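Trainee: Below are the sequence and a predicted model; questions follow.
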Amino acid sequence: MRLALAFLFALIAGPVSSSGALAHASLVRADPPDGAMLASSPAVLKLTFNEPVSPLVMRLIGPDGAVIAPAAAAENNVVTLTPPQLRQGTHVLSWRVVSADGHPVGGSLLFSIGVRTEPVERTEVTVNPALRVALWAAKVAIYIGLFVGVGGAFFGAWLGSADRGRTRWLLLAFLVPGLIATPISLGLQGLDALDLPLSAIGQATAWQTGQATAYGGTAVMAELALIAGSVALAVNSWSIARGASLLGLLGVGLALSLSGHAGTVEPRLLTRSAVFLHGVSVAFWIGALLPLVCALRAGDRGPIARFSRLIPLALAVLVGTGTILAVVQLDRIDALWTTRYGVVLAFKLCAIALLLALAAVNRFVLTSRFAAQGAAAAPPFVASVRTEFALALGILALVGLWRFTPPPRALAVAEHTSIHVHGERAMAQIEITPVRARGASVSVLLLDPELRPLAAKELTLAFANPAVGIEPVRRNAAFDGDANWRIEDVRIPIGGRWRLRLDILVSDYEKLILEDEVELRRVP
């Protein structure tokens, strides 16, 4: 138990400091790029992300430390900033946006105008462990309310015992924390979006910002689903209970599909449908467990028989949609043990495997015994279902960790690297962008010392890592027009310091060489 708690805390709290690479939307390109040298003040600054975002906080810190808040506008996945005339020197652009999945992301970049100076500030996003724990606890309370409470209300109204009194108050006890945690989670979401501490929970801007994010729709729909489940449990009319519980079950799927990792991945019709069906199937399965325990204790065979007929269909939908979502989120198989998201998924898959094994025993062994022997066969059946329920709660606790663990498909984009190499007669802006399952795409912009396009006949890129015995790997670039060159399917076997060299053939008689030591991430 101590090891499990330590594992949960480590994944929730994470490192004390974090940059945009740990967030869920990812910066794909910046114009000007990080470390760029410009001849004059840019008319606009552009940040391009891998998915639609909305700007939260934008700051420009000049060479003298003066802070400017430029006008910012977002169109799909591009944020455009319009700064005033900027003075010469090195500027810091500190940005924070919220992505379509409702998760905030922040970072900073440097660019210089005319001459490089020592930057006054380079902001990094800090992580507040207390806020993370509060966000995780709220998530788990909401999940339990939706899956156990609303799912249980649906099962009781449609497939449960005629006497619902035994389970009604028990399920309400799981619903009420979710009803309370859902609105609180909006304020916590706002704090996270604005990078504010937990002590600022009373600020109106935190609640307004939380509601304005994509998570706002999820919270509203989750609260409506929880209310519908509560109505289904509270009323004595079977028709009202069935109608309210059906609306609640549909609301569970809708709430989960409105925000989150998977619901914002293209093709969205497929991924959101998969999330919806996955959530409904989970609620049906987990929600049935407590009513089944009560039915077993009472010797009521009806709910067991009805559940046994329907659960294979729910499990087939659950496994099918889960497979689709896992394939979408993972960019490679080793992400299961090399990324935090993958580790959580691996633990979840292990727990689900145990659940499926228990479900198989229940379905093919214990159900038959209960049907034949009645109450005499109930104790082992009750123990098995209780174990299922405990595992299900553990899975919900794991799923709550995904709020802080970006999926590998987002991490791959987050590992975009910008490199500026400067020489006396030429300079190069190199952009390395990982491509899912296809190494990395490298683009090179060649400029002369006056920042004009540099004409070249050939370009060769070489990188070596003598410290680990990797000799220079050379790749010829293809001309991409307007001083731009491109190389596809570049593989970097390990991360670390690499010696990078550009051989630029200007003419048959002249070659320029640019070299530098750079930090590169692994690109398998």
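Mentor: Noted; the coordinates are in hand.
Trainee: Gln329 reaches Thr405, doesn't it?
Mentor: No - Gln329 is beyond contact range of Thr405, at 10.4 Å (criterion: Cβ atoms under 8 Å). All C-beta atoms are positioned from the backbone trio N, CA, C, and that covers glycine.
Trainee: Need the residues touching each of these two.
Mentor: Taking Cβ atoms under 8 Å, 6 or more residues apart in numbering as the criterion, Gln329 and Thr405 both touch Tyr341.
Trainee: Can you give the distance of the helix or strand hosting Gly156 from its chain's centre?
Mentor: Secondary structure from DSSP states H and E places Gly156 in helix 151-158. The chain centroid and the centroid of helix 151-158 are separated by 31 Å under Cα atoms, centre = their mean, to the nearest Å.
Trainee: Tell me the first helix or strand C-terminal of it.
Mentor: helix 165-194.
Trainee: Now that following helix: buried residues?
Mentor: 166-168, 170-172, 174-175, 177-179, 181-194 (16 or more other Cβ atoms under 10 Å).
Trainee: any idea of the angle it forms with helix 151-158?
Mentor: Counting by axes from the mean of the first three to the mean of the last three Cα atoms, to 10 degrees, helix 165-194 lies at 150 degrees to helix 151-158.
Trainee: would you put the C-alpha positions of the helix or strand just after helix 165-194 in PDB?
Mentor: Sequence order places helix 204-212 as the next helix or strand after helix 165-194, per DSSP H and E. Output of helix 204-212 as PDB, limited to C-alpha atoms (Å, rounded to 0.1, in the frame of the first residue of the first chain):
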ATOM      1  CA  ALA A 204     -13.200  35.400  -9.300                       C
ATOM      2  CA  THR A 205     -10.900  35.300 -12.300                       C
ATOM      3  CA  ALA A 206      -9.900  31.700 -11.500                       C
ATOM      4  CA  TRP A 207     -13.500  30.500 -11.700                       C
ATOM      5  CA  GLN A 208     -14.200  32.600 -14.800                       C
ATOM      6  CA  THR A 209     -11.100  31.200 -16.500                       C
ATOM      7  CA  GLY A 210     -12.000  27.600 -15.500                       C
ATOM      8  CA  GLN A 211     -15.500  28.000 -17.000                       C
ATOM      9  CA  ALA A 212     -14.100  29.500 -20.200                       C
END
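Trainee: can you offset everything so residue one is 59?
Mentor: Happy to do that; since the first residue is 59 now, the last one works out to helix 262-270.
Trainee: quick one, helix 262-270 and helix 223-252 angle?
Mentor: Here helix 262-270 runs at an angle of 110 degrees relative to helix 223-252 (the same axes, to 10 degrees).
Trainee: C-terminal to helix 262-270, what's the next element?
Mentor: Where DSSP H and E defines the elements, the next helix or strand beyond helix 262-270 is helix 273-292.
Trainee: rounded to a whole number, what's the mean pLDDT of that following helix?
Mentor: Helix 273-292 comes out with an average pLDDT of 95.
Trainee: For that helix, buried residues please.
Mentor: For helix 273-292, burial by neighbour count (16+ other Cβ under 10 Å) applies to 273-291.
Trainee: Against which helices or strands is that helix packed?
Mentor: helix 209-216, helix 223-252, helix 262-270, helix 296-315 (3 or more Cβ pairs under 8 Å, 6 or more residues apart in numbering; DSSP states H and E).
Trainee: change it to 7 Å
Mentor: If you count contacts as 3 or more Cβ pairs under 7 Å, 6 or more residues apart in numbering; DSSP states H and E, helix 273-292 packs onto helix 209-216, helix 223-252, helix 296-315.
Trainee: Tell me the confidence at the residue positioned nearest the centre of the chain?
Mentor: Residue closest to the average C-alpha location in the chain (Cα atoms, centre = their mean): Pro464, at 3.8 Å. pLDDT for Pro464: 75.
Trainee: so is it in a helix, a strand, or just coil?
Mentor: Using DSSP: H, G, I helix; E, B strand; the rest coil, the structure places Pro464 in coil.
Trainee: That one contacts Tyr399, correct?
Mentor: Yes - shown here, Pro464 and Tyr399 form a contact pair, counting by Cβ atoms under 7 Å, at 6.3 Å.
Trainee: where along this protein do the helices fall?
Mentor: Per DSSP state H, the chain carries helices over the ranges 60-71, 187-202, 209-216, 223-252, 262-270, 273-292, 296-315, 326-356, 360-387, 393-396, 398-419, 425-431, 436-458, 466-472.
Trainee: Switch those helices over to a markdown table; also include distance to Trp556.
Mentor: Shown next, in a markdown table, are the helices of the chain (distance: least, Cβ to Cβ, whole Å):
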| stretch | distance to Trp556 |
| --- | --- |
| helix 60-71 | 30 |
| helix 187-202 | 34 |
| helix 209-216 | 52 |
| helix 223-252 | 35 |
| helix 262-270 | 41 |
| helix 273-292 | 40 |
| helix 296-315 | 42 |
| helix 326-356 | 36 |
| helix 360-387 | 29 |
| helix 393-396 | 20 |
| helix 398-419 | 25 |
| helix 425-431 | 61 |
| helix 436-458 | 37 |
| helix 466-472 | 19 |
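Trainee: Quickly note the distance from Ala514 to Ile552.
Mentor: Distance, Ala514 to Ile552, using Cβ to Cβ, to the nearest Å: 30 Å.
Trainee: the more surrounded of the two?
Mentor: Neighbours were counted for Ala514 and for Ile552 using other Cβ atoms under 10 Å; Ala514 has more, 22 against 14.
Trainee: hang on, the earlier thing: between the helices of the chain, which one is nearest to Leu103?
Mentor: helix 466-472 (19.7 Å; Cβ to Cβ).
Trainee: pLDDT below threshold where in the stretch 209-358 of the chain?
Mentor: 220, 320-322 (pLDDT under 70).
Trainee: again, only this time at 90
Mentor: The stretch 209-358 of the chain contains residues with pLDDT under 90 at 218-227, 250-255, 267-268, 270-273, 294, 316-329, 351-358.
Trainee: What about Arg549, how many residues nearby?
Mentor: 12.
Trainee: need the contact list for the residue nearest to it when sequence neighbours are not counted.
Mentor: Nearest residue to Arg549, sequence neighbours excluded (Cβ to Cβ, 6 or more residues apart in numbering): Gly497, at 4.7 Å. Contacts for Gly497 (Cβ atoms under 7 Å, 6 or more residues apart in numbering) come out as 547-549, 581.
Trainee: among the residues you listed, who's most crowded?
Mentor: The most neighbours of any of the contacts of Gly497, using other Cβ under 10 Å, belong to Val581, which has 23 neighbours.
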